[in-house]
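**Q** using only what follows, build the 3D model:
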Amino acid sequence: MVTYAFEIAFGLAGTIMMLFVMTFFMSAKTLVIYSVLPQIIVATIALVRSPDTVDINFLFKMLLFAAFGSVLGFYLFYSTSVEVFQYLLAGMITLSGAYMIFSKSRIKLTPVISRVLDTASGTSMAMFGISGPIAMTRLLATFDKKTVIRNYALAFFLSLNLIRTINYIINGDITHEIGNMMLYSAPFLVIALWFANNLHFKVNETMFRHVLAWVIFMGGVSLFFS
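**A** Here you go, the predicted model:
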């Protein structure tokens, strides 16, 4: 409830923070599979309760390239050991956060770079359950307003998480244990996140960008030690 309240306010990092806490008790892969539930709830509530700022054509183009990246990501998810999986996850998050902290200006995107980042987001989501650092780097360079950035990010993540859910069901990855985790936590998440959505509108633009950068960076570093 706490970590995904942060995500509904800022647009990402709920799963990063959840992994930081919960990998002391469960494997990263179990948590990545479980994370589809809170991520879908976050995106659905945020988009329903926010101004209509998402252009479907723009979102579709992002998703089209992300879908190609997802194919590679799913292959790596099923062929990578748990230990290697966690180190790759930590490295990806740390580097993305460091870039956002130390970069003096927004990255200038060309059409090619934009599509590469969209594809990489799909790969990262399929493999790690996280594409926020990559997708947010792309969106921060494209849009200025925090609500627009957050809503595009959550619409993008919602679409990719629905694809992940279908894949997990087909492959039998949602075990009895994970199913119970989802069943018991869902009502509490819905209630908490419905009200937590109001936090987004109380955050100013500068704080929005700085908090995202540091949370991503510290979340990645922490995974190396958990």
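**Q** can we go C-alpha only for contacts and neighbour counts from here?
**A** Noted.
**Q** quick one: the helices in this structure?
**A** With DSSP state H as the criterion, the chain has helices at 2-10, 14-22, 28-34, 36-48, 56-79, 82-102, 111-128, 132-140, 146-170, 176-196, 205-225.
**Q** next, format those helices as CSV and append mean pLDDT.
**A** As requested, the helices of the chain are exported to CSV (pLDDT from 0 to 100):
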stretch, mean pLDDT
helix 2-10, 90
helix 14-22, 84
helix 28-34, 88
helix 36-48, 93
helix 56-79, 88
helix 82-102, 77
helix 111-128, 86
helix 132-140, 82
helix 146-170, 89
helix 176-196, 95
helix 205-225, 80
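**Q** export those helices to JSON lines and tack on mean neighbour count?
**A** Conversion of these to JSON lines gives the following (neighbours: other C-alpha atoms under 10 Å):
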{"stretch": "helix 2-10", "mean neighbour count": "23"}
{"stretch": "helix 14-22", "mean neighbour count": "22"}
{"stretch": "helix 28-34", "mean neighbour count": "20"}
{"stretch": "helix 36-48", "mean neighbour count": "21"}
{"stretch": "helix 56-79", "mean neighbour count": "17"}
{"stretch": "helix 82-102", "mean neighbour count": "17"}
{"stretch": "helix 111-128", "mean neighbour count": "22"}
{"stretch": "helix 132-140", "mean neighbour count": "23"}
{"stretch": "helix 146-170", "mean neighbour count": "20"}
{"stretch": "helix 176-196", "mean neighbour count": "14"}
{"stretch": "helix 205-225", "mean neighbour count": "18"}
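**Q** can I get stretch 2-19 in CSV? Just the C-alpha atoms.
**A** Extracted in CSV, the C-alpha atoms of stretch 2-19 (Å, rounded to 0.1, in the frame of the first residue of the first chain):
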residue,chain,number,x,y,z
VAL,A,2,2.8,2.4,0.9
THR,A,3,5.1,1.7,-2.1
TYR,A,4,2.3,1.9,-4.7
ALA,A,5,0.9,5.0,-3.1
PHE,A,6,4.2,6.5,-4.1
GLU,A,7,3.8,5.2,-7.7
ILE,A,8,0.3,6.6,-8.1
ALA,A,9,1.7,10.0,-7.0
PHE,A,10,4.8,10.0,-9.1
GLY,A,11,4.1,7.6,-12.0
LEU,A,12,6.7,4.9,-11.2
ALA,A,13,9.0,3.4,-8.6
GLY,A,14,6.3,1.5,-6.6
THR,A,15,7.7,-1.9,-7.8
ILE,A,16,11.3,-0.7,-7.2
MET,A,17,10.5,0.2,-3.6
MET,A,18,8.5,-3.0,-3.1
LEU,A,19,11.4,-5.1,-4.3
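**Q** residue 9 and residue 128: what is the separation?
**A** With distances taken as C-alpha to C-alpha, to the nearest Å, residue 9 is found 22 Å from residue 128.
**Q** which one is residue 139 nearest to, not counting chain neighbours?
**A** residue 149 (5.9 Å; C-alpha to C-alpha, 6 or more residues apart in numbering).
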